[in-house]
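1. sequence and predicted structure, then a few things I'm wondering about:
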Amino acid sequence: MPANGSALGDSILLGDIGGTNARFAVLRGDIIGHAANLKVASFDQAGDAIASYIKDLGDQVSVDAAAIAVAGPVKDRAAKLTNGTWRLDAAEIESRFKLSRVRLVNDFAAQAWAIPRFDGTGLRKIGRGEALVGAPSVVLGPGTGLGIASYLPPPAGPAVIVGEGGHATMPASDDREAAILAALRARFGHVSAERVLSGEGMVNLYDTIAALDGQTPPRRNPAEITKAALAKECAVSQATLDQFCAMLGTVAGNIALTLGAQGGVYIAGGIGPRVADYFAESRFRTRFEDKGRFNSYLAPIPTWLVAHPAPAFLGLAEFWSSARD
């Protein structure tokens, strides 16, 4: 608490709500603090998680408004988790917590809003290239799902464009990938990029590669797959992580071409930082540039791995300061 014993007013509650974790912090001026991470599965609805966080703040902070990133599309000031049951309604949150304003934004829109606030820390450059000043940038990231968003800087912006690119059809770049995707189509019908480039997607790759290669490794979750791959304890896990990085490079290059992202491509999400050294030496960058006649277009575009511990909070702060409504 401040020296006078009163709570800090005019503070903004920041929320980053995904399919697995609900992260919260408080913004006052340009200072972000009081960060906490709650498990989505521990609460029936988003409002209960918010209430728990505010209760834990006690009388340290009095929040007046909120900016909340949600892992799902936002429409008419409401959103539902794509990979979860929670539904958030801005008006309901305003009423329940007596807030002056609640703004909801897609979680990867928040990641894109973080781009102008990156100061070089929390980033690892992968490969060559330099950003073209004034050009659009893209952020994408495998985690519970696969999020994608684009940032347009001044003078045309600032603005963020967000869609559901993670659900676009995953292409095959070689015969091996064609066989993997054919097996996944037999199982799922449509195979989106998210079906292979997410936590659950990594498990899908692992199971499929094992079946194609006639192997019977133990059942593993994403963390166990990456751990076994990094330790070189399991050939199927290594093949899975190799394939994952390569496919991510293909998708990142496709998005950069589609959106003209000469300002750079940022790889966010929870998986990348855990395998940073492996990722840097993988086929990601080769696949990113491997676009035939347009290799020369992609070669100058820089790619970064986002290792910042809370980029969504940076993005929400920028989103709030750029508000036009």
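-> Right, received. Where do you want to start?
2. domain parsing for this protein?
-> Split into domains by automatic domain parsing, the chain comes to 8-106, 115-307.
3. could you dump those to TSV with mean pLDDT and distance to residue 316?
-> Where you see a C-beta, it was placed from the backbone N, CA and C, and this is true even at glycine. TSV is the format used below for those (pLDDT from 0 to 100; distance: least, Cβ to Cβ, whole Å):
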stretch	mean pLDDT	distance to residue 316
domain 8-106	93	4
domain 115-307	95	10
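4. TSV for the ones you listed, including mean neighbour count and distance to residue 318?
-> Listed next are the domains of the chain as TSV, based on neighbours: other Cβ atoms under 10 Å; distance: least, Cβ to Cβ, whole Å:
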stretch	mean neighbour count	distance to residue 318
domain 8-106	18	10
domain 115-307	19	5
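5. for the stretch 51-200 of the chain, just list every one of the helices.
-> 90-97, 107-113, 175-188, 199-212 (DSSP state H, counting those that start in this stretch).
6. what about residue 240, distance to residue 289?
-> For residue 240, the distance to residue 289 equals 23 Å [Cβ to Cβ, to the nearest Å].
7. tell me where the protein has strands.
-> Ranges of strands within the chain are 8-17, 21-28, 31-39, 61-70, 74-75, 78-80, 87-89, 101-106, 123-126, 137-142, 146-152, 159-162, 265-267, 303-306, based on DSSP state E.
8. let me have these in TSV, adding distance to residue 231 as columns.
-> Below are the strands of the chain laid out as TSV (distance: least, Cβ to Cβ, whole Å):
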stretch	distance to residue 231
strand 8-17	31
strand 21-28	26
strand 31-39	27
strand 61-70	34
strand 74-75	40
strand 78-80	38
strand 87-89	40
strand 101-106	36
strand 123-126	21
strand 137-142	21
strand 146-152	26
strand 159-162	37
strand 265-267	23
strand 303-306	21
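9. relative to residue 233, which of the ones you listed is closest?
-> The minimum distance between residue 233 and the strands of the chain falls on strand 137-142, with 22.2 Å, by Cβ to Cβ.
10. spatially, which residue comes closest to residue 261, not counting chain neighbours?
-> Distance criterion Cβ to Cβ, 6 or more residues apart in numbering; nearest residue to residue 261, sequence neighbours excluded, is residue 138 at 4.1 Å.
11. is it correct that that neighbour is in contact with residue 262?
-> No - when contacts are counted by Cβ atoms under 8 Å, residue 138 is not listed as touching residue 262 (10.0 Å).
12. for stretch 168-182, output the C-alpha coordinates as PDB.
-> Output of stretch 168-182 as PDB, limited to C-alpha atoms (Å, rounded to 0.1, in the frame of the first residue of the first chain):
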ATOM      1  CA  ALA A 168      -6.500 -22.800 -42.000                       C
ATOM      2  CA  THR A 169      -5.700 -26.100 -43.700                       C
ATOM      3  CA  MET A 170      -2.200 -27.400 -43.000                       C
ATOM      4  CA  PRO A 171      -0.200 -28.000 -46.200                       C
ATOM      5  CA  ALA A 172       2.300 -30.700 -46.900                       C
ATOM      6  CA  SER A 173       5.800 -29.700 -48.000                       C
ATOM      7  CA  ASP A 174       7.200 -33.100 -48.800                       C
ATOM      8  CA  ASP A 175       6.100 -36.800 -49.000                       C
ATOM      9  CA  ARG A 176       6.700 -37.400 -45.300                       C
ATOM     10  CA  GLU A 177       4.400 -34.600 -44.400                       C
ATOM     11  CA  ALA A 178       1.800 -35.800 -47.000                       C
ATOM     12  CA  ALA A 179       1.800 -39.200 -45.300                       C
ATOM     13  CA  ILE A 180       1.400 -37.600 -41.800                       C
ATOM     14  CA  LEU A 181      -1.400 -35.400 -42.900                       C
ATOM     15  CA  ALA A 182      -3.200 -38.200 -44.800                       C
END
